[in-house]
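**Student:** Here's my sequence, what's the structure:
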Amino acid sequence: MTELSVLIVNYNSWRECAQAIATLRQHGPTRPDGTPMPFEVIVVDNKSPQQFPKVIEAVERELQLLCEQQGDDKAGVLILHDENGGYSKGMNLALSHSRGKWIVVSNPDVLFGEGMLPNLQRYLENDAQAGIVVPKGFWDTGHAGHLPPNTLPTLGDVWAEVIGAYSSRFRIRRVKRLLKRWQAAWQAEQPLALPMMSGCLFLVERDYFESIGKFDERYPLYYEDADLSVAIIKSGRTITQVPDAHLVHFVNRSGMSDLETMWARHKESRGKYYRKWYGVLGKLTLSLSNWLLKNKTLARFRRIHPREPYVDLGETAKPPKLKLPRKCERYLVLMSLDLRFFLAAGIYGSGDEWTPTKESFDVFVNANFFFCVFDLSNGEPEFLGTWRYYCMSHLGHEVPRAAGGKASGENGGEAS
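**Tutor:** Predicted coordinates:
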């Protein structure tokens with residue numbers, strides 16, 4: 001009998017989804033005595049525009065292999081939804097078709113590593129205070145690039161974004177505060193309570209998940225994890241990061257396949273989140289902040305530009321190489337798609353330069369990247385410089401130059 005259900009919502013991520021299921025078959029859940037735990041995978045496709053037979057067949061094949069492995073013809077299910085009702089609605093649909101006591105909510109663009117699920121399971125089983133448990137996230141298979149823990153959106157964060165747009169000094173101070181919080185999560189060797197979970201993967205007990213309302217289907221994309229985090233905290237439970245559970249997450253592969261829809265739904269979800277939890281004040285705050293960030297007359301006062309020294313590495317299909325101003329016993333490279341660095345991956349290193357390994361570079365996408373380096377040799381982070389790099393490679397393959405030869409994102413990350 002199925003004891004654990006893995007729920008996946010797919011949108012244009014067929015290849016990644018097939019890969020995720022393949023790694024899950026290799027590294028599945030276990031019971032407390034170490035024996036394999038019977039599990040199932042429910043995949044809901046949210047009416048992906050990209051319907052290529054070969055990649056769909058790859059997902060179906062992995063699900064069929066799972067059925068054979070589990071000796072259960074219902075252990076692998078693909079539901080081709082007739083609408084794209086959003087991530088939350090897709091997840092709740094998958095949940096309605098699941099049978100397990102334990103629920104794993106997962107993105108399709110992840111890899112299940114050895115011991116990851118069992119480590120999450122053992123912690124959740126033994127801590128009655130934990131509402132959900134999450135792994136440490138990495139953006140590369142070598143576990144070198146740390147993914148940042150999410151920051152729970154508040155009214156204060158809205159105003160911090162606005163003030164940061166007008167004051168470089170304030171923005172830098174905020175990045176340093178975020179950096180301390182991120183490093184605490186990256187370096188944690190004990191279970192760590194977080195203010196917010198990431199919806200890319202978490203483990204929860206079914207009865208508890210249903211008791212707090214599951215996912216709120218009013219969110220078409222994004223902010224459903226922030227909303228769920230608030231519900232968990234209000235229920236008196238914790239969101240706990242388990243240090244020895246490691247997840248590789250390739251980040252937003254579905255969203256990047258349809259940027260226009262992604263940003264439209266992000267904006268809609270953001271508005272609904274602030275209206276739900278902050279009422280009229282939340283609505284007014286968003287309206288005023290958007291005006292301050294987009295008003296053309298005030299544009300000359302906004303200070304969205306890199307902190308000196310600034311190095312432009314140009315547009316190339318070769319890996320970026322950051323030459324540091326001095327040799328460091330230990331440094332930290334922050335990598336972000338946004339010049340504000342309010343959400344950035346972190347990579348530790350030593351020496352006087354940094355470049356990603358081939359393994360890491362193969363997961364880079366065709367986009368504008370910003371790097372910010374801090375020297376950690378003396379304990380406190382000391383700023384060394386900012387670099388900009390436009391990647392003309394996508395997942396290991398060189399891509400042609402855009403029409404007109406101009407890279408996207410060259411405005412330096414103007415707040416929106």
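**Student:** rest of the way, CA atoms for contacts and neighbours
**Tutor:** Noted.
**Student:** low-scoring pLDDT stretches of the stretch 251-400 of the chain, where are they?
**Tutor:** Residues of the stretch 251-400 of the chain meeting the criterion pLDDT under 70: 252-259, 304-309.
**Student:** what about the strands in it?
**Tutor:** 310-316, 322-336, 345-354, 368-375, 382-391, 393-394, 397-398 (DSSP state E, counting those that start in this stretch).
**Student:** In a markdown table, list those along with mean neighbour count and distance to residue 232.
**Tutor:** As requested, the strands of the stretch 251-400 of the chain are exported to a markdown table (neighbours: other C-alpha atoms under 10 Å; distance: least, C-alpha to C-alpha, whole Å):
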| stretch | mean neighbour count | distance to residue 232 |
| --- | --- | --- |
| strand 310-316 | 15 | 42 |
| strand 322-336 | 18 | 29 |
| strand 345-354 | 18 | 26 |
| strand 368-375 | 23 | 34 |
| strand 382-391 | 21 | 36 |
| strand 393-394 | 19 | 37 |
| strand 397-398 | 14 | 41 |
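**Student:** Of all those strands, which one comes closest to residue 142?
**Tutor:** Of all those, strand 345-354 sits nearest to residue 142, with 11.3 Å by C-alpha to C-alpha.
**Student:** ok but residue 34 is inside a strand, no?
**Tutor:** No: counting by DSSP: H, G, I helix; E, B strand; the rest coil, residue 34 is not part of a strand but coil.
**Student:** Excluding chain neighbours, what is closest to residue 147?
**Tutor:** Computed as C-alpha to C-alpha, 6 or more residues apart in numbering, the closest residue to residue 147 that is not its neighbour in sequence is residue 345, at 4.7 Å.
**Student:** what sits against the one you found?
**Tutor:** Each residue near residue 345 by C-alpha atoms under 8 Å, 6 or more residues apart in numbering is listed here: 139, 145, 146, 147, 148, 334, 335, 336.
**Student:** run the last query once more with 7 Å
**Tutor:** 145, 146, 147, 148, 334, 335, 336 (C-alpha atoms under 7 Å, 6 or more residues apart in numbering).
**Student:** quick one: it and residue 185, what's the gap?
**Tutor:** For residue 345, the distance to residue 185 (C-alpha to C-alpha, to the nearest Å) stands at 12 Å.
**Student:** quick revisit: figure out which of the strands of the stretch 251-400 of the chain is closest to residue 114.
**Tutor:** strand 345-354 (22.2 Å).
**Student:** Paired strands for the closest one, with orientation please.
**Tutor:** strand 145-146 (antiparallel), strand 322-336 (antiparallel) (DSSP bridges).
**Student:** next one: it to chain centre, how far?
**Tutor:** Put simply, strand 345-354 sits 21 Å off its chain's centre (C-alpha atoms, centre = their mean, to the nearest Å).
**Student:** then it to CSV, C-alphas only?
**Tutor:** Taking Å, rounded to 0.1, in the frame of the first residue of the first chain, the C-alpha atoms of strand 345-354 are listed here in CSV:
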residue,chain,number,x,y,z
ALA,A,345,23.1,32.0,-5.1
GLY,A,346,26.3,31.7,-3.1
ILE,A,347,29.6,30.0,-4.0
TYR,A,348,32.6,29.8,-1.7
GLY,A,349,36.1,29.8,-2.9
SER,A,350,39.7,30.8,-2.3
GLY,A,351,42.5,32.5,-4.3
ASP,A,352,42.5,35.5,-6.5
GLU,A,353,40.0,34.4,-9.2
TRP,A,354,36.8,32.5,-9.7
